[in-house]
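**Q** have a look at this fold, sequence not included:
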């Protein structure tokens, strides 16, 4: 019995109270992907007047947060971001938080968010952050190297499809069509038709648009040789120290990238 | 087959990639408690020179974030905070994020963190935030009203025990003892002995210390009558509008509180 | 290193091998319902020439197995069976197998199956068991008394609806219609129409059919007074010893049953 | 509203009742091991007077049940049994019961049990089965080929250690020592000492004991050539048809077995 302020507590049995916890451990020896998404970022990007279809500063802020997450968590070996989502890949052998999914997901989402708020002013020096942004997350285990690469490829295919669509959509809107008219116009069009639309009507060659829009952003620890060879647009364009976290906008769908960077997701 | 930059993608089957997701739904009709804890806050409070044993401004910043969380998520009916931890109670019928634990936990941790960074300057106008803080979380389901109240009582008992110990410990340290000497001095002492130590050696009557230190902080939506009757030290001390989120430092171990505030966790 | 037959084993780390186990504990203080269903019993009942729409001996064999399960597991307080399915209700406080769902489900399914094979000859003295039957199972947690009763009511409503349909269907088939014709004939008919069909075409008053067909079977521990008062068709029709497991064919949808048998699922 | 016997049912919402089910799906692309253990088989083997330390007929009955399980479930590619336990390995790509763990575990445990009862008389023609045996089960996912083989090796190492100990223990008991004396005698002894004890005191060369005792039993589908080459003691000693399920007592710890039988657990 414990007394607080002269009154006796009824007896609490901490062991019983704790027995309601359920473990939700991520299967050992699988690659864990933690993916976070901006909560209600449609509204967030409207309120903060992000440029359409892509706001380069907003994307660079996201990348900067992902870099911070990799710098904090050594077990995260790769991250891929597009729009308001970011996927973080933990190495197979990771024992971060004893592989408890709740803690891993929330810690990553929290640190990402924290960094987003702190660095907002670096990327938007003339824009006030009008309310606290937030990100929600989840985790998935991938047991084989192949299916992990398929996951990442799937996200980059999505990036490509959405970016091409959005580029067309916003060009049509800026040219005077309503949003509904623009949607109708694009309904059922294929990749080639969209590229032709951009080229013929708006003088835009899709493949010359910035890589960050078309490819999304990959974040990983560099090996110097690699960074130089690619001549990558990595933050600052200088050769990187070995192990430094870098951002690249590369094709991660084709196996070439993974074969050239075997250190990222060492496969055994 | 999708083409990016002139190359063909190998085929990705999104349905198969998605099939690795596992649902982790929180059992319906149970009270969900999401608890967040500061990650490495021992170091964080050292770096930011928080007062010992309690930093009132740091606690008020925590409370302010909890208020923001309740204002955002209507389904959270109660929260209890002490030190760098906060527990949020969702109503039994909540369908927030379809009761997916990962999303609920990460969204709450993320919004709390976001608010913490944004409001830091309001509570520490002369202290710089030196690095991004973060919080990790987890969720537990409680199927009965009684065990839910037991959980909350357990946290408040912990608050009491830790605060009493820490108050003694830091008074001993401030009086010239080393940390090890202070620990040894307190080893095995009971509640009454600690109170006598404070009283005889340091002239401190434990029961006159601020309620926020001894009771922790409870956050809930007010009914005006209740707020007035208690004369509670709620942010601003003015009568509150019905439904406004308030902070109180009350005894939640005894059933009296819950009987007087039946609207908080309506029990059926 | 262990030697078997002169060869050295490569080192196995049992702790690591064991770390892949995931706990799947059923939430404490909830009513656990384990439901088993006959695997491929459509075929099993054809091969063993069960009577249609109901084979009373087959149902009684099922009931006999359920009684054996309750006799073995004290924590199971109630069971309800219909057709080739049986639902077992564990008391809320049960710590059977430390609430590990896999063990609870498999142990119940296994004992039920074992008893089914052993007692087959008691119920079908002139029929050979042609191949090993099997049952698969699963578990659900119900946190409130009300939703638990709703689950049981749902099963009994299903029993009623299926039995009424099947009674009509098989009478039509026996009267010379094909299975397809019989299905078409019944499509969209309501309860009242089905009862009228049985009455007018086949001279069957639905409500006079055996209770075991219309109500399914409830299994629980008796209190003597209760068994006498109901004059229940319990195995042998003799007054039962207190605590003896009995089978009844009663309406468990209406609250009356539960109010008259408060000892079965004591609700606190 | 449904009427049964003239009374109206209170409304049951099946969708809500069903929403309490939680999926417990086994991660795709991992090897699933379902392990069943005899419930209270210490007592069962006493009551049925099994020979100590090993009852060959009881082991052969177990093996016969495992063969039946492999014959029923094509997705099970391998099984390993020792004493009253059996481990079943599903192929990585299996979609049995949509990988729902409860159903997979209970269906295997149930069929195994069913077969055990039915075939009891074949192995014990002069012994009555005195009460229904039962087996409980659980499942574990192994994401890599190496860790799966480690699991199986771990079970065979256990078989070896237990068999050697039990052989010594029961020889000591049969020679007149009490059970406690025998335990004390063996405490701390190593493999070599136990073998020497058997040899010097009882004239038993451990390595000449039947393979089924020392190696446990492996169950898999044969390729004819393999069966012949090994000259395995497979049921009947005749060459087997391709795909027939066979029992072997081989060393599965060393990689040789797996390299010679690549068809069993095809590794990609």
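**A** Yep, that arrived. This is a predicted model, so every value here is computed, not measured. Numbering: from 1, shown residues only, chains lettered A, B, ... in the order given.
**Q** what does the model give the nearest residue to residue A:54 once chain neighbours are set aside for pLDDT?
**A** Leaving aside its sequence neighbours, residue A:54 sits nearest to residue A:213 (C-beta to C-beta, 6 or more residues apart in numbering or on different chains; 4.7 Å). From N, CA and C alone the C-beta is placed, and that goes for glycine too. Residue A:213 is assigned 97 on the pLDDT scale.
**Q** for residue A:213, which three-state class applies?
**A** Using DSSP: H, G, I helix; E, B strand; the rest coil as the criterion, the local structure at residue A:213 reads helix.
**Q** touching chain B at all, stretch A:247-266?
**A** Yes: using C-beta under 8 Å from any C-beta of the partner chain, stretch A:247-266 reaches chain B at A:251, A:253, A:254, A:255.
**Q** how about the strands in the stretch 51-200 of chain A?
**A** According to DSSP state E, counting those that start in this stretch, the stretch 51-200 of chain A carries its strands in the segments A:76-82, A:85-90, A:135-142.
**Q** before we move on, the earlier item: right, and the residue nearest to residue A:54 touches residue A:163 too?
**A** Yes: using C-beta atoms under 8 Å, residue A:213 is in contact with residue A:163, at 5.4 Å.
**Q** common neighbours of those two, please.
**A** Listed as contacting both residue A:213 and residue A:163 by C-beta atoms under 8 Å, 6 or more residues apart in numbering or on different chains are A:53, A:54.
**Q** who's in contact with residue A:63?
**A** Contacts of residue A:63 by C-beta under 8 Å, 6+ apart are A:81, A:217, A:219, A:247.
**Q** burial measure for residue A:125, as a count.
**A** The tally of other residues near residue A:125 (other C-beta atoms under 10 Å in any protein chain shown) stands at 8.
**Q** torsion angles phi and psi at it?
**A** Residue A:125 adopts backbone torsions of phi -60, psi -20, taken as degrees, to the nearest 10.
**Q** before we move on, what about residue A:176?
**A** Main-chain torsions, residue A:176, degrees, to the nearest 10: phi 120, psi -10.
**Q** model confidence for it, exactly?
**A** On the pLDDT scale, residue A:176 gets 95.
**Q** which residue would be the closest one in the stretch 51-200 of chain A to chain C?
**A** residue A:99 (9.1 Å; C-beta to the nearest C-beta).
**Q** surely that residue and residue A:26 touch.
**A** Yes: the pair residue A:99 and residue A:26 passes the contact test of C-beta under 8 Å, sitting 4.4 Å apart.
**Q** those two: who's more crowded?
**A** residue A:26 (24 against 21).
**Q** coming back round to it: which two from the residues of stretch A:247-266 next to chain B end up farthest apart in space?
**A** A:251 and A:255 (10.0 Å; C-beta to C-beta).
**Q** looking at the two, which is more packed in?
**A** Neighbour comparison, residue A:251 and residue A:255: the larger count goes to residue A:251, with 18 against 11 (by other C-beta under 10 Å).
**Q** for that one, give its distance to residue A:204.
**A** According to C-beta to C-beta, to the nearest Å, residue A:251 stands 21 Å off from residue A:204.
**Q** cool, residue A:127 as well?
**A** 27 Å.
**Q** of those two, who's got more company?
**A** Neighbour totals were compared for residue A:127 and residue A:204, and residue A:204 leads with 16 against 13 (other C-beta under 10 Å).
**Q** which residues touch the residue of the stretch 1-150 of chain A found nearest chain D?
**A** Closest to chain D within the stretch 1-150 of chain A is residue A:143: 3.7 Å, counting by C-beta to the nearest C-beta. By C-beta under 8 Å, 6+ apart, the contact list for residue A:143 reads A:27, A:29, A:30, A:31, D:27, D:28, D:29, D:30, D:143, D:144.
**Q** so the last one touches residue A:30, yeah?
**A** To tie it back to what came earlier, the one meant is residue D:144. No: with contact taken as C-beta under 8 Å, residue D:144 and residue A:30 are classed as non-touching, separated by 9.0 Å.
**Q** so which residues of chain A form helices?
**A** Under the criterion DSSP state H, chain A contains helices at A:14-18, A:41-47, A:56-72, A:101-123, A:145-174, A:179-186, A:191-202, A:211-215, A:224-230, A:255-260.
**Q** what helices and strands are in contact with the fourth one?
**A** Contacting helix A:101-123 under the criterion 3 or more C-beta pairs under 8 Å, 6 or more residues apart in numbering or on different chains; DSSP states H and E are the following elements: strand A:31-38, helix A:56-72, strand A:85-90, strand A:135-142, helix B:101-123, strand B:135-142.
**Q** recalculate using a threshold of 7 Å.
**A** Counting contacts by 3 or more C-beta pairs under 7 Å, 6 or more residues apart in numbering or on different chains; DSSP states H and E, helix A:101-123 packs against strand A:31-38, helix A:56-72, strand A:135-142, helix B:101-123, strand B:135-142.
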